[in-house]
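Trainee: all I have is the shape, not the residue letters:
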């Protein structure tokens, strides 16, 4: 049965008015499960107006009230994790354990935001001149928007909205139309937590909705996570219209393995980081750079682990890897495998063959060896279960390969040598670095973001930089009359 989804505006589900819709599928079965409305510019404008009105009251809510709503939301989210994970698996396809892990990482950001009374504290300097005090405060922006990707339909919105709402803004979420139901679940939880109507809005849509948010005069800031071409467009369009923009782009994350590394540890890490969530992660390892003679042993160890992975419906607890998000994306990833083979890469494990479910959008794990940096499987963000192995003679050669790449989101080094690890963290030109950790996503009290073509804007996502992004500083210089000379009856003796 195919259902019709709705927007969430002014604290309630609202039917779409544009008569345009987009299909939603269960990628494990290929079943068309829902239609999501695609908002017109007029619908977006109406939603933003509701958010603007709500922001006027919410910005004046006490810090203790805001924190109380965040605490309540946190408890609701924690208690309903299994329900939400089932929704994510049904529309994205990732296995339930991955879905629960995504929610847990989002929950960390909510927990961080509950500390808003401490996070927005300013400074105070008394008597900077005779009778003059100076202090700083941070104030909300008003209406802010988030445009989020399909691969993390819970975590990425929580990266944004937790801090935005805690700091007194109204938040308008435009989720991916491929898996939109999780955003409506979050909206209901915010409502149950006591968040005033209009402070959290979900407006579904495509480019028309995005462009309306980017150009709307009442939207003060836009956060985005997605591919680099779209991130660049979001950044350029938003800033041209006077908005703050943080736009996180694509990735080609490298894992450097030195000759002294523990091969089993590195192989386990490569498998989990490359093939988890079918490789549809912006922090997935997609390139392993093997230095010296460890290459053959590492490839052999990775290849030996792949047949043990169970590929199937993510709702099955025994499944290790689910499907890709759409049939078109599966076919695109398969095309990269063919292109790599034609360019001379060695196909060690071919995900296009093997025992895969007949229904749904499945592709098996692929391991390519002897990949050259000119091949499309290396230069492009594939966003699928494909791991490329590049060989390097020395550490310096490997570092040069990584630093020459236009993407600089995350990277990792595997070694037993502390000196080499420290040298790498100092010299590598990448925003997030793991040392014997394959996916170095920062905890919520740090901030997430890459360098180069992986980030457009000055602020990384969530954590302290997220608080700064959703607020603006104000400095107040004040002078008050000396009580001893005031003509106002203060009700107490004037003394010097």
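Mentor: Sure thing, it's come through. In this text, all values refer to a predicted model and were calculated from it rather than measured experimentally. Residues are numbered from 1 along each chain as shown.
Trainee: burial measure for residue 50, as a count.
Mentor: For residue 50, the tally of surrounding residues (other CB atoms under 10 Å) stands at 21. C-beta: built from backbone N, CA, C; applies to glycine.
Trainee: that one touches residue 10, doesn't it?
Mentor: Yes - using CB atoms under 8 Å, residue 50 makes contact with residue 10 at a distance of 4.6 Å.
Trainee: between the two, what contacts are shared?
Mentor: Residues touching both residue 50 and residue 10 (CB atoms under 8 Å, 6 or more residues apart in numbering): 198, 201.
Trainee: show me where the stretch 301-450 of the chain has its helices.
Mentor: Taking DSSP state H, counting those that start in this stretch as the criterion, the stretch 301-450 of the chain carries its helices at 327-343, 376-379, 395-404, 418-427.
Trainee: where does the closest residue to residue 114 other than its chain neighbours land in three-state SS?
Mentor: Spatial nearest neighbour of residue 114, excluding adjacent residues (CB to CB, 6 or more residues apart in numbering): residue 70 at 4.4 Å. For residue 70, the secondary-structure state derived from DSSP: H, G, I helix; E, B strand; the rest coil is helix.
Trainee: which residues touch residue 70?
Mentor: Contacts were defined as CB under 8 Å, 6+ apart; by that measure residue 70 touches 110, 113, 114, 116, 162, 165, 166, 193.
Trainee: among those residues, which are in strands?
Mentor: Cross-referencing the contacts of residue 70 against strands under DSSP state E gives no overlap.
Trainee: ok, the residue nearest to the spatial centre of the chain - contacts?
Mentor: Note on the chain: the residue nearest the mean C-alpha position is residue 156, at 3.7 Å, using CA atoms, centre = their mean. For residue 156, the residues meeting the contact criterion (CB under 8 Å, 6+ apart) are 106, 146, 148, 149, 225.
Trainee: and stretch 294-304, how far out from the chain middle?
Mentor: Here the centre of stretch 294-304 is set off from its chain's centre by 31 Å, with CA atoms, centre = their mean, to the nearest Å.
Trainee: ok, now stretch 392-410?
Mentor: The gap between where stretch 392-410 is centred and where its chain is centred comes out at 24 Å by CA atoms, centre = their mean.
Trainee: again with stretch 77-89
Mentor: 18 Å.
Trainee: mean confidence score for that stretch?
Mentor: When pLDDT is averaged along stretch 77-89, the result is 98.
Trainee: ditto for stretch 457-472
Mentor: Along stretch 457-472, the predicted local confidence has a mean pLDDT of 96.
Trainee: which of the residues in that stretch are buried?
Mentor: Within stretch 457-472, the residues scored as buried using 16 or more other CB atoms under 10 Å are 457, 459-463, 465-471.
Trainee: which of the residues you listed fall in strands?
Mentor: The strands in this structure, assigned by DSSP E, contain residue 471 from those.
Trainee: so which of the buried residues of stretch 457-472 would you say is closest to residue 247?
Mentor: Here the nearest of the buried residues of stretch 457-472 to residue 247, counting by CB to CB, is residue 457; it sits at 5.7 Å.
Trainee: isn't the closest one up against residue 245?
Mentor: Yes - contact status for residue 457 versus residue 245: in contact at 5.2 Å, counting by CB under 8 Å.
Trainee: can you list residues touching both of the two?
Mentor: Shared contacts of residue 457 and residue 245, counting by CB under 8 Å, 6+ apart, come down to residue 235.
Trainee: show me the shaky parts of the chain.
Mentor: Within the chain, the stretches with pLDDT under 70 are 484-496.
Trainee: got the domain ranges for it?
Mentor: For the chain, whose domains are defined here by automatic domain parsing, the residue ranges read 3-249+454-477, 253-435.
Trainee: of all these, which one is nearest residue 443?
Mentor: Ranking the domains of the chain by their distance to residue 443 (criterion: CB to CB) puts domain 3-249+454-477 first, at 6.5 Å.
Trainee: who are the packing partners of whichever helix or strand residue 134 is part of?
Mentor: Of the helices and strands defined by DSSP states H and E, residue 134 is found in strand 132-140. With contacts defined as 3 or more CB pairs under 8 Å, 6 or more residues apart in numbering; DSSP states H and E, the secondary structure elements packing on strand 132-140 are strand 124-129, strand 471-479.
Trainee: rerun that using 10 Å as the cut-off
Mentor: Helices and strands touching strand 132-140, by 3 or more CB pairs under 10 Å, 6 or more residues apart in numbering; DSSP states H and E, are strand 124-129, helix 155-166, strand 471-479.
Trainee: and the ones you listed, which is most packed in?
Mentor: Highest mean neighbour count of these: helix 155-166, a mean of 28 (counted as mean count of other CB atoms under 10 Å).
Trainee: what's the angle from that helix to strand 132-140?
Mentor: Note on geometry: by axes from the mean of the first three to the mean of the last three CA atoms, to 10 degrees, helix 155-166 and strand 132-140 are set 140 degrees apart in direction.
Trainee: still on that earlier bit, now distance to residue 315 too, for the contacts of residue 70, in TSV please.
Mentor: Listed next are the contacts of residue 70 as TSV, based on distance: CB to CB, whole Å:
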residue	distance to residue 315
110	26
113	31
114	32
116	36
162	28
165	31
166	33
193	28
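Trainee: greatest separation within those residues: which pair is it?
Mentor: Longest distance between any two of those is 14.4 Å, between 116 and 193; criterion CB to CB.
Trainee: which of the two has more neighbours?
Mentor: When residue 116 and residue 193 are compared for neighbours, residue 116 comes out ahead with 21 against 18, by other CB under 10 Å.
Trainee: next up, the contacts around the closest residue in space to that one that isn't next to it in sequence.
Mentor: Distance criterion CB to CB, 6+ apart; nearest residue to residue 116, sequence neighbours excluded, is residue 166 at 4.0 Å. Shown here is residue 166, whose contacts under the criterion CB atoms under 10 Å, 6 or more residues apart in numbering are 63, 66-67, 69-70, 73, 109-110, 112-117, 119-120, 140, 466-467, 470-471.
Trainee: buried ones among those residues?
Mentor: So, by 16+ other CB under 10 Å, the buried ones in the contacts of residue 166 are 63, 66-67, 69-70, 73, 109-110, 112-114, 116, 119-120, 140, 466-467, 470-471.
Trainee: on that earlier part again, between helix 155-166 and the helix or strand just after the strand holding residue 134, find me the angle.
Mentor: Downstream of strand 132-140, the next assigned helix or strand under DSSP H and E is strand 143-147. With the same axes, to 10 degrees as the basis, strand 143-147 and helix 155-166 are set at 170 degrees to each other.
Trainee: quick one: strands adjacent to strand 143-147?
Mentor: Strand 143-147 sits in its sheet next to strand 170-174 (parallel), strand 219-225 (parallel), going by DSSP bridges.
Trainee: what about the strands in the stretch 251-400 of the chain?
Mentor: Read by DSSP state E, counting those that start in this stretch, the stretch 251-400 of the chain holds these strands, from start to end of the chain: 253-257, 285-291, 346-349, 366-369, 386-392.
Trainee: and the fourth one, how far from the chain's centre?
Mentor: In terms of CA atoms, centre = their mean, the gap separating the centre of strand 366-369 from the centre of its chain is 27 Å.
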